[in-house]
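>>> Based on what follows, work out the 3D shape:
(one chain, ligands or ions: 1)
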Amino acid sequence: MSLSTDAEQQVFAPADSLLRFATAGAVDDGKSTLIGRLLHDSRSLLADQLEMLELAGKERGDEVLDLAMVTDGLRAEREQGITIDVAHRYFETARRAFIIADTPGHAQYTRNMVTGASTADLAIVLVDARNGLTEQSRRHAVLAGLLRVPRLVLAVNKMDLVGYDQGVFDEITAEFARFTDELELRDVAAIPISALRGDNVVHRSAEMPWYDGPALLEHLEQVHIDDDRSAGDFRLPVQYVIRAQGQDYRGYAGQISGGRVHEGAEVLHLPSGLRTRVTSVDTADGALAEARAPQSVSVRLADEIDVGRGDLLCAPDAAPAAATELSVRVCWMSAKSALRPGARLLLKHTTRTVKAVVTEVHHQVDVTTLRRDPARELGLNDIGEVGLRLAQPVFCDPYERNRLTGGGLLIDESTHATVGAVMITEAR
Ligand SMILES: Nc1nc2c(ncn2[C@@H]2O[C@H](COP(=O)(O)OP(=O)(O)OP(=O)(O)O)[C@@H](O)[C@H]2O)c(=O)[nH]1
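Numbers count the residues shown, from 1 in each chain. The predicted structure follows:
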């Protein structure tokens, strides 16, 4: 199979051309209006959606479009079925494609934020300029920090209601900066906006000449995310073994969870510990000279090794731990029961699912101050650190090194419900 131009684009386009971002804000800070404004001003709304908005506006004699209505459909779905906690929507501009994870803002919905932000490249924390930083905004920033969302935007909304006053904006951003210093967030931008009026959302605002940074969408289009996933060590958790009937094809397929792989690369197979070479890197559109996280590929190997689902192909000189004892940070999501020592669960880690028992609850994290408090159990939406003992090893990295091979889900054995999100801090 040869490298085509299409394949080249596959290598160089996807990682940097798609930005996943999550929006977080308290009720009424203007999340829906902001998403509506982004879609409206970037011309991503369908003609009928636009017509519906204009009609509804005219009927009510509104001065400006009620853009929150755009996401109301999703919200109705969400209210009917508790299963849809996080609504995802897709839009694109000439420069980049976007997936928004819209997470409801109520205080008890920590778990939605965790779900929405765990794969995000960037999180927007929305605050109402009139209220400044609230406990909610701190909580959202702390969660973004814990989840290692690499980039944060503080969007100070409703600037129109404070007379577009620079003093208000400066005060909020200064307070936020003091707070985020402790969170080890690498990249924080602050943008004064009015989602309702459209100031600094897609177009730069004439109302705030004192602000000389980019509008929110410009920032989202420009922010560099390329290195996040593909800079680390190579990891390919095997999801399927592909055998082509009649042909002599055997490939190991999955999503690259870290680093890069190329034809000819030496790789290590776990659990066997055997080394071999990659003879080809294939995708649905043909072979690639090189692929990188988060692309999905199928690789063929030079030697016949017994490789199955749940195994890992990785960089030979930087293999992860094969661990049966883990310290993990957990966000507990079950309303039914608390997380206690002795609890028996399943840990879903990349493509492997293993039995786990909770050995101990180390502490709980106060998500507004980051303080560690002693705790014996974790309740719904609590975040804390616990020990897990596994029946079989998982091949894992610390979450701070790799969000995919360092993350996982806890699953109730009997109901198969997801009851916790896990970030691995230590593996033995
Ligand atoms: N004046 C002004 N009002 C705004 C702005 N953004 C949002 N609003 C208003 O604030 C109210 C709440 O906005 P929403 O977008 O529904 O808020 P939300 O954060 O999505 O709320 P939930 O989804 O319920 O959490 C609505 O009445 C909006 O019209 C703004 O920039 N300026």
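>>> alpha carbons only for contacts and neighbour counts from here, please
Noted.
>>> ranges for the strands of the stretch 201-350 of the chain?
Secondary structure of the stretch 201-350 of the chain by DSSP state E, counting those that start in this stretch: the strands cover 235-237, 240-244, 249-255, 260-262, 266-270, 274-283, 286-288, 290-292, 296-301, 312-314, 321-332, 344-349.
>>> would a markdown table of those with distance to the ligand be doable?
Formatted as a markdown table, the entries for these read as follows, by distance: least, CA to the nearest ligand atom, whole Å:
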| stretch | distance to the ligand |
| --- | --- |
| strand 235-237 | 37 |
| strand 240-244 | 39 |
| strand 249-255 | 33 |
| strand 260-262 | 39 |
| strand 266-270 | 45 |
| strand 274-283 | 39 |
| strand 286-288 | 43 |
| strand 290-292 | 36 |
| strand 296-301 | 34 |
| strand 312-314 | 41 |
| strand 321-332 | 21 |
| strand 344-349 | 31 |
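>>> Tell me which of those sits nearest to Arg204.
Distances from Arg204 to each of the strands of the stretch 201-350 of the chain were compared by CA to CA, and the smallest falls on strand 290-292, at 35.1 Å.
>>> what number of residues lie near whatever residue of the stretch 301-428 of the chain ends up closest to the ligand?
Distance from the ligand to each residue of the stretch 301-428 of the chain (CA to the nearest ligand atom) is smallest for Asn381, at 17.7 Å. One way to gauge burial is a neighbour count; for Asn381, by other CA atoms under 10 Å, it gives 20.
>>> Flag the shaky bits of the stretch 151-300 of the chain, pLDDT-wise.
In the predicted model of the stretch 151-300 of the chain, residues 184, 226-229 satisfy pLDDT under 70.
>>> before we move on, the earlier item: quick check: the residue of the stretch 301-428 of the chain closest to the ligand touching Lys336?
No. Taking CA atoms under 8 Å as the contact criterion, Asn381 and Lys336 are not neighbours in contact, 11.9 Å apart.
>>> picking that back up, quick check, the residue of the stretch 301-428 of the chain closest to the ligand in a helix?
No. Secondary structure of Asn381 (DSSP: H, G, I helix; E, B strand; the rest coil): coil, not part of a helix.
>>> Tell me the pLDDT of Glu8.
You'll see Glu8 listed with a pLDDT of 30.
>>> what does this structure put close to the ligand?
The chain comes close to the ligand at residues 25-33, 68, 104-105, 157-158, 160-161, 194-196, as judged by CA under 6 Å from any ligand atom.
>>> and the end-to-end length of stretch 337-351?
End-to-end distance of stretch 337-351 (CA to CA, to the nearest Å): 26 Å.
>>> wait, stretch 157-169
The first and final residues of stretch 157-169 sit 10 Å from each other (CA to CA).
>>> can you give me the offset of that stretch from its chain's centre?
Relative to its parent chain, stretch 157-169 has a centroid offset of 30 Å by CA atoms, centre = their mean, to the nearest Å.
>>> re the thing from before, rebuild the strands of the stretch 201-350 of the chain as CSV, extending it with mean neighbour count and distance to Ala391.
Converted to CSV, those look like this (neighbours: other CA atoms under 10 Å; distance: least, CA to CA, whole Å):
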stretch, mean neighbour count, distance to Ala391
strand 235-237, 31, 19
strand 240-244, 14, 22
strand 249-255, 20, 24
strand 260-262, 23, 30
strand 266-270, 21, 17
strand 274-283, 19, 23
strand 286-288, 20, 37
strand 290-292, 24, 31
strand 296-301, 22, 29
strand 312-314, 28, 18
strand 321-332, 22, 7
strand 344-349, 22, 10
